[in-house]
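K.L.:
Here is the input, now give the coordinates:
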Amino acid sequence: MKHLLKLALSALIAIIVTVPAIAYPDVASDHWAAKQIKELTEKGVIIGYPDGTFKPDDNVSRAEFASMAIKALGQEHTTIAQPVQFTDIEPGFWAYDAIQKALYFDLISCPSEGEPFRPDDTVTRGESISVAVNALTTEQISNIKAKEVLSKKYADANKVPEWFLIPAGKAEILNMLVTIPSQDKAKIEADRPATRAEVTAILFNMMEQAKLNPNAKLAEAMRKKTGDGYVIEGAFVQGSIGTIPAGTIIPVKLSKYISSQTSESGEIYTAYAPENFITKDKYILIYKGSNLKGQLLDVRSGKWFVRNGVLVLDNSLLTTNNDQTVSFPGTAEVTKYRNWFMKIVRATLKGEKLNVEPEGVVYLKLLKPIKIDLTNGWIFE
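P.N.:
Residues are numbered from 1 along each chain as shown. Take a look at the predicted model:
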């Protein structure tokens, strides 16, 4: 059974650390949205089809777009306390949570009671661009100003629906009004279903702008989280990303008893963070209760006159409070404190036995840097 557990853990690690190559045969390198498609695929915001294609000219449903927008803003782990009721969406619907989050963050307007969401309808260009603008804090403009900036560039500026006029004007001012490059004068085409390539470019622009000027609710959600805990002295912060360097020593508590006398090499162990791991400025890197898993790398029993006990742990995985499981390689060697007398005894007579009780602390040395989004605890692979 222990051998099977060891194999299962190794297989899980292999799955987690394997990163597939990103290349769509139907998206040429000179496609007008190739850069945005590549970057949002790498970030997991958009995905291709099972046959490996992207189908850039296909359309996107309203439910799909809500899910993409929430992922693009990094808010897929937000909890919504009071969901809005729709006549055509049940809590078990695959995009239910994403739609509720889009409402909470004011990306879409809250409908009248009993109004349908129409999750399977295609999202239009006007709807998708409005969502992107709604994610931001922007300067207020008038209808007259919006018409002025749009009429300078777009052939159909006078056909823009009234509800979309100001969002379109704001998008143009921010250089976010995505149009497919062509030789003709550009068109807004607010009511035309948006293509997957257009949606990707719109979401890309939204992500970039939201880093600078998110709306009020997003600004709070995107704030770096702080708290008390164990200070990781060597950790550093760049923007919203915190880094725990390789070689950092962190204390973790084991969930079960291990011993140099009774445990075996390859045996699986679990542990957890006993408190928040934080930077010196109190930004939370790893949350209290995050779970670790690995195996006993080297176990040798202590024998009189032969050797002192050996107990070495090889950590592999970390599961965060976001239920994200990532590679978290580290090693820990269990030792005992020895005064000068015991150092002499163990150097000559040997026979020291090692053990760690449940809830006992071991000190894990990280083998690679760990990068964390300080706004939501998400760990980058």
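K.L.:
Helix, strand or coil: sort out the residue nearest to Val84 when sequence neighbours are not counted for me.
P.N.:
Once flanking residues are discounted, Val84 sits nearest to Leu103: 5.4 Å by C-beta to C-beta, 6 or more residues apart in numbering. All C-beta spots, glycine's among them, are computed from the backbone N, C-alpha and C. When classified by DSSP: H, G, I helix; E, B strand; the rest coil, Leu103 comes out as helix.
K.L.:
gap between Leu103 and Asn205?
P.N.:
Leu103 sits 22 Å away from Asn205, going by C-beta to C-beta, to the nearest Å.
K.L.:
who's more crowded, these two?
P.N.:
Legend: neighbour count by other C-beta atoms under 10 Å for Leu103 and Asn205, higher for Asn205 (22 against 19).
K.L.:
Chain neighbours aside, what residue packs nearest to that one?
P.N.:
In space, and not counting its chain neighbours, Asn205 is closest to Met176: 4.3 Å by C-beta to C-beta, 6+ apart.
K.L.:
cool, Val306 as well?
P.N.:
Lys350 (5.7 Å).
K.L.:
correct me, but the one you found touches Val310?
P.N.:
No: because the distance of 11.5 Å does not satisfy C-beta atoms under 8 Å, Lys350 is recorded as not touching Val310.
K.L.:
who's more crowded, those two?
P.N.:
Val310 (18 against 15).
K.L.:
Please report phi then psi for the more buried one.
P.N.:
Main-chain dihedrals, Val310, degrees, to the nearest 10: phi -130, psi 130.
K.L.:
show me the contacts for it.
P.N.:
Ser260, Asp298, Val299, Arg300, Leu354 (C-beta atoms under 8 Å, 6 or more residues apart in numbering).
K.L.:
Going by distance to Ala197, which of those residues wins?
P.N.:
The closest of those to Ala197 turns out to be Asp298 (C-beta to C-beta; 52.9 Å).
K.L.:
who does the helix or strand hosting the closest one pair up with?
P.N.:
In the assignment (DSSP states H and E), Asp298 maps to strand 291-300. The pairing partners recorded for strand 291-300 under DSSP bridges are strand 268-272 (antiparallel), strand 310-319 (antiparallel).
K.L.:
Looking at those strands, which is nearest to Asp121?
P.N.:
strand 310-319 (37.2 Å).
K.L.:
Buried residues in that closest one, which are they?
P.N.:
Of the residues in strand 310-319, Val310, Leu311, Val312, Leu313, Asp314, Asn315, Ser316, Leu317, Leu318, Thr319 count as buried by neighbour count, 16 or more other C-beta atoms under 10 Å.
K.L.:
And stretch 207-217, by the same measure?
P.N.:
Buried residues in stretch 207-217, counted by 16+ other C-beta under 10 Å: Met207, Gln209, Ala210, Pro214, Asn215.
K.L.:
low pLDDT regions in the stretch 1-150 of the chain?
P.N.:
For the stretch 1-150 of the chain, the stretches flagged by pLDDT under 70 are 1-22, 111-114.
K.L.:
One more pass at 80, please.
P.N.:
1-23, 77, 79, 81, 110-115 (pLDDT under 80).
K.L.:
which residues in the chain form helices?
P.N.:
With DSSP state H applied, the chain shows helices at 2-17, 34-42, 62-72, 96-104, 125-134, 143-151, 162-173, 196-210, 216-221, 340-348, listed in chain order.
K.L.:
Please produce CSV containing the ones you listed, extended by distance to Gly289.
P.N.:
Converted to CSV, the helices of the chain look like this (distance: least, C-beta to C-beta, whole Å):
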stretch, distance to Gly289
helix 2-17, 20
helix 34-42, 30
helix 62-72, 25
helix 96-104, 22
helix 125-134, 34
helix 143-151, 49
helix 162-173, 42
helix 196-210, 29
helix 216-221, 21
helix 340-348, 35
